[in-house]
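>>> Compute the structure for the input listed below.
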Amino acid sequence: MKRGYILSNITLAQSTKTSLRGTDYWSEFSGNMASKSDSSDEEDNIPLSELSKARRTEIDDLPTTASSSAVDVPVTSCNTRQPTVQKTQKYTWQNRHTPKQYESWRDDQTPRNLQPPMYYFDLMFDIKIFEMLVHYTNIYAAQRNKTGNVSVSEMKCFIGILLFSGYVVVPRRSMYWGKSADSDYPLVYNALSRDPFNYIMSNLHSCDNTQIRGSNDNVILQFADVLQSNHPSMHFHLYFDNFFTSIPLLHELSNRGLKATRTIRENRTSKCPLPSNAFFKKTERGAFQFKSSRPSSILVCKWNDNSVVTVTSNVESVEPLQKAKRFSQEQKKYIHIDQPYLVKKYNENMGGIDRCDQNIGLYRTSIRGKKWYFPLFCHCLDMALHNAWQLYKHNGGQYDHLNFRRMVARGLLETYKKSEKRGPCPSPRNHKEASRYDRIDHLIEYKDTQLTCKVCKKKTNFICKKCNTYLHPKLCFITYHTSI
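Take a look at the predicted model:
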């Protein structure tokens, strides 16, 4: 032990006391070690922590030479970070539950009348998001010493191409900019050239890499901050799974006036005195027990279904008790079992996530990148489009998911396309088709000359000034600028 210990201390002295060089130091250090040879047997019985502390003290006390130019760094200062001890909040649990009262949901800020698809997409993916992407993309490009700046118009065309790839899939990304007979997409290459697209692909960022944050309950709280800052008068009800769930998180959401219902893992219930899952597995299907915290009125309920489910909420209760239809293997028929009300509400609202994933999978963005976070970005984009489509249908829209995606992609690519032309100038008809759906500066003008309406084929004196097309000012004008 003594030989190995001397070697380890010599190595430690070499790495920390860089100023101690020369024969005087090594002779003195060896002398100190040799003088302790008689006590080597006693050192075998010293605990490792005390022995290491004693040896570090000896090394720190060693003399330094006057000619030393290096800065001494004590061994004990190499790791100055102290572990942070988080205080565990204690809760008082009771068998009675009185739900906390929240203000009802208000949808007065949602559009009442039917709007074009681009309007709903802008609600989910607004100009602030585009400006944020442009800002951090340019920062990351500067960190990589890349020349050039991305503009908001280029970023919108980039997003439009990603949406376009969801329903027009090609085996190679470069084929979107081809001009051959079997792969010609003027909607893409007239909007954004291939090199600018690749530049954005390689530098796309939504945050600053120099500021790295961890993933914990704070993710949900930051999401709640965004919801309340953008729509302060709306009272949201959040449904999420057990990945981020904890009782302190639910307590914080209650303090912020947000309703939340979610599943929770058994080891995150803050010592809620409910029976274990092993106990519930021995009970009949439909059995449940619950506890409520005081004074925050957070309900934790365990319910025995096909497996034991633990659901917690700061707004729902177990009553009114519901009935769930299940198949009984013993009786070989369907039976009805008891189901707490908060479990029913959770199943109803979380079912929308499965339907959302199903719809996204039909026309998912097909362009792939080498960055690990790019699939996450594309999924958020597809989800924003899906939510916009749901809001569009809620207002009575007739487009299905595919046509809604087409309208948004065309709106982004035609409205924000590059100003310079590629190849020969397009004909006036092609130009009208490109700007027909952009909803910008389409004004009705009266003409003395009467010509045929483009939609109903009847005579009219009114013309769309931008499209230079004769249209009746009411139904025909709207139909021409919205229909595919």
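
>>> Please make it C-alpha for all contacts and neighbour counts, starting now.
Fine.

>>> In terms of secondary structure, what does the strand of greatest length in the chain contact?
Using DSSP state E to define each element, the chain has its longest strand at strand 444-452. On a contact count with 3 or more C-alpha pairs under 8 Å, 6 or more residues apart in numbering; DSSP states H and E, strand 444-452 meets strand 459-464.

>>> buried ones in the strand it packs on?
Neighbour counts using 16 or more other C-alpha atoms under 10 Å place 460-464 of strand 459-464 among the buried residues.

>>> shaky segments in the stretch 101-250 of the chain?
103-111, 212-234 (pLDDT under 70).

>>> could you pull out the strands for it?
Taking DSSP state E, counting those that start in this stretch, the strands of the stretch 101-250 of the chain run over residues 179-180, 183-184, 237-240.

>>> So which of those has the densest surroundings on average?
Among these, strand 237-240 has the highest mean neighbour count (mean count of other C-alpha atoms under 10 Å), at a mean of 16.

>>> other SSEs contacting it?
Contact here means 3+ C-alpha pairs under 8 Å, 6+ apart; on that basis strand 237-240 packs against strand 259-263, helix 341-362.

>>> Out of the ones you listed, which gets nearest to Glu154?
Nearest to Glu154, of all the helices and strands packed on strand 237-240, is helix 341-362, at 24.6 Å by C-alpha to C-alpha.

>>> Give me the angle between the closest one and strand 259-263.
Here the directions of helix 341-362 and strand 259-263 differ by 80 degrees (axes from the mean of the first three to the mean of the last three C-alpha atoms, to 10 degrees).

>>> Can you list the neighbours in contact with helix 341-362?
239-240, 261-262, 311, 313, 316-322, 382-383, 386, 401 (C-alpha atoms under 8 Å, 6 or more residues apart in numbering).

>>> Now intersect these with the strands, please.
The strands, defined by DSSP E, take in 239-240, 261-262, 311, 313, 322 from the contacts of helix 341-362.

>>> Looking at those residues, state which has the most neighbours.
In terms of neighbours by other C-alpha atoms under 10 Å, these top out with Ser313 at 28 neighbours.

>>> For the closest residue to that one other than its chain neighbours, give its distance to Asp241.
Among residues not flanking Ser313 along the chain, Thr261 sits closest, at 4.3 Å (C-alpha to C-alpha, 6 or more residues apart in numbering). The gap separating Thr261 from Asp241 is 9 Å, by C-alpha to C-alpha, to the nearest Å.

>>> Could you do Lys146 as well?
Counting by C-alpha to C-alpha - Lys146 and Asp241 are separated by 41 Å.

>>> ok, now Ile127?
Distance of Ile127 to Asp241, computed by C-alpha to C-alpha: 30 Å.

>>> Tell me how many other residues crowd Asn306.
Look at Asn306: counted by other C-alpha under 10 Å, it has 11 neighbours.

>>> Surely it and Gly286 touch.
No - counting by C-alpha atoms under 8 Å, Asn306 sits too far from Gly286 to count as a contact (9.4 Å).

>>> contacting residues around the closest residue in space to Gln115 that isn't next to it in sequence?
Nearest non-adjacent residue to Gln115, counting by C-alpha to C-alpha, 6+ apart: Tyr392, 7.6 Å away. Contacts for Tyr392 were tallied using C-alpha under 8 Å, 6+ apart; they are 114-115, 117, 120.

>>> wait, which of the residues you listed is closest to Ile337?
Minimum distance to Ile337 across the contacts of Tyr392 is 41.6 Å, recorded for Tyr120 (C-alpha to C-alpha).

>>> dump the residue contacts of that closest one.
Going by C-alpha under 8 Å, 6+ apart, Tyr120 touches 388-389, 391-392.

>>> Quick check: of those, which has the highest neighbour count?
If you count neighbours using other C-alpha under 10 Å, the busiest of the contacts of Tyr120 is Tyr392, which has 25 neighbours.

>>> Read off the pLDDT value for that residue.
As predicted, Tyr392 sits at a pLDDT of 92.

>>> I'd like to know how far the nearest residue to Lys458 once chain neighbours are set aside sits from His481.
With C-alpha to C-alpha, 6+ apart as the criterion, Lys458 has its nearest non-adjacent residue at 5.2 Å, and that residue is Thr452. With the distance defined as C-alpha to C-alpha, Thr452 ends up 17 Å from His481.

>>> Then His386?
Separation of His386 from His481 (C-alpha to C-alpha): 23 Å.

>>> swap in Tyr239?
Counting by C-alpha to C-alpha - Tyr239 and His481 are separated by 39 Å.

>>> Please apply the same query to Ser296.
Distance, Ser296 to His481, by C-alpha to C-alpha: 53 Å.

>>> Mind telling me what element the residue positioned nearest the centre of the chain is part of?
In the chain, the residue lying closest to the centroid (C-alpha atoms, centre = their mean) is Cys380, at 6.7 Å. Element membership for Cys380 (DSSP states H and E) is helix 374-394.

>>> Please identify the buried residues of that helix?
Within helix 374-394, the residues scored as buried using 16+ other C-alpha under 10 Å are 374-375, 378-379, 381-392.

>>> same deal with stretch 285-295?
285-293.

>>> Just put the residues you listed in TSV and tack on pLDDT.
Shown next, in TSV, are the buried residues of stretch 285-295 (pLDDT from 0 to 100):
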residue	pLDDT
Arg285	86
Gly286	87
Ala287	88
Phe288	91
Gln289	88
Phe290	89
Lys291	87
Ser292	86
Ser293	84
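
>>> Return the member of those nearest to Tyr136.
Using C-alpha to C-alpha, Ser293 comes nearest to Tyr136 of those, at 43.3 Å.

>>> Tell me the bridge partners for the closest one.
Ser293 has these beta-bridge partners by DSSP bridges: Trp93.

>>> quick revisit: got a quick ChimeraX command for the buried subset of the contacts of Tyr392?
Selecting the buried subset of those in ChimeraX, with 16+ other C-alpha under 10 Å as the burial test, is done by:
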select :117,120
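
>>> mind listing which of the contacts of Tyr392 are in helices?
117, 120 (DSSP state H).

>>> possible to save the contacts of Tyr392 as CSV with distance to Gly178?
Compiled in CSV, the contacts of Tyr392 are given as follows (distance: C-alpha to C-alpha, whole Å):
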residue, distance to Gly178
Leu114, 37
Gln115, 35
Pro117, 29
Tyr120, 32
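
>>> TSV please, covering the strands of the stretch 101-250 of the chain and showing distance to Asp357.
Shown next, in TSV, are the strands of the stretch 101-250 of the chain (distance: least, C-alpha to C-alpha, whole Å):
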stretch	distance to Asp357
strand 179-180	34
strand 183-184	30
strand 237-240	15
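
>>> So which of those strands is nearest Asp448?
Closest of the strands of the stretch 101-250 of the chain to Asp448 is strand 183-184, at 41.3 Å (criterion: C-alpha to C-alpha).

>>> Can you give the contact residues for that closest one?
Against strand 183-184 from outside (C-alpha under 8 Å, 6+ apart): 175-178.

>>> Tell me which strands that strand pairs with, and in which orientation.
Applying DSSP bridges, strand 183-184 is found paired with strand 179-180 (antiparallel).

>>> my read: Ala324 touches Tyr334, true?
No - using C-alpha under 8 Å as the test, Ala324 is too far from Tyr334 to be in contact (10.0 Å).
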